[in-house]
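Novice: Sequence first, predicted coordinates after that:
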Amino acid sequence: MLWTIAVILFILWLLGWLVFPIVGGLIHVLLVVAIIVVIFRLITGRRPVV
């Protein structure tokens with residue numbers, strides 16, 4: 001699920017960067033947060049709760 005959210009945020013960030021420059025800043029911040037969470041999960045080795 002986390003990977004799905006990261007991919008959706010990445011796509012929205014690209015759309016925001018190309019189409020809506022004002023909204024792109026917010027999406028960029030959310031994308032950075034999602035990448036930090038993914039890296040943290042990879043480092044700690046936690047498995048997602050299903």
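Specialist: Arrived safely, thanks for sending.
Novice: Report the contact partners of Ala34.
Specialist: 2, 5-6, 9 (CB atoms under 8 Å, 6 or more residues apart in numbering). Placement of C-beta: from N, CA and C, glycine included.
Novice: which stretches of the protein have low pLDDT?
Specialist: Along the chain, segments meeting pLDDT under 70 span 16, 20-24, 27, 46-50.
Novice: Let me see the ranges of the strands in this protein.
Specialist: Counting by DSSP state E, the chain forms no strands at all.
Novice: Helices along that one, start to end?
Specialist: 2-18, 21-44 (DSSP state H).
Novice: Any buried residues in the first one, and which?
Specialist: In other words, helix 2-18. For helix 2-18, burial by neighbour count (16 or more other CB atoms under 10 Å) applies to 6, 9, 12-13, 16.
Novice: Next, give me the two most distant ones among these.
Specialist: Ala6 and Gly16 (15.2 Å; CB to CB).
Novice: hey, C-alpha coordinates of stretch 33-49 in PDB?
Specialist: Output of stretch 33-49 as PDB, limited to C-alpha atoms (Å, rounded to 0.1, in the frame of the first residue of the first chain):
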ATOM      1  CA  VAL A  33       7.700  12.700   3.000                       C
ATOM      2  CA  ALA A  34       6.600   9.500   1.200                       C
ATOM      3  CA  ILE A  35      10.200   8.800   0.100                       C
ATOM      4  CA  ILE A  36      11.500   9.400   3.600                       C
ATOM      5  CA  VAL A  37       8.900   6.900   4.900                       C
ATOM      6  CA  VAL A  38       9.800   4.300   2.300                       C
ATOM      7  CA  ILE A  39      13.600   4.700   3.100                       C
ATOM      8  CA  PHE A  40      12.900   4.400   6.800                       C
ATOM      9  CA  ARG A  41      10.900   1.200   6.300                       C
ATOM     10  CA  LEU A  42      13.600  -0.300   4.200                       C
ATOM     11  CA  ILE A  43      16.300   0.600   6.700                       C
ATOM     12  CA  THR A  44      14.400  -0.700   9.800                       C
ATOM     13  CA  GLY A  45      13.100  -3.800   7.900                       C
ATOM     14  CA  ARG A  46       9.600  -3.500   9.200                       C
ATOM     15  CA  ARG A  47       6.900  -5.400   7.300                       C
ATOM     16  CA  PRO A  48       3.600  -3.700   6.500                       C
ATOM     17  CA  VAL A  49       0.600  -4.700   8.700                       C
END
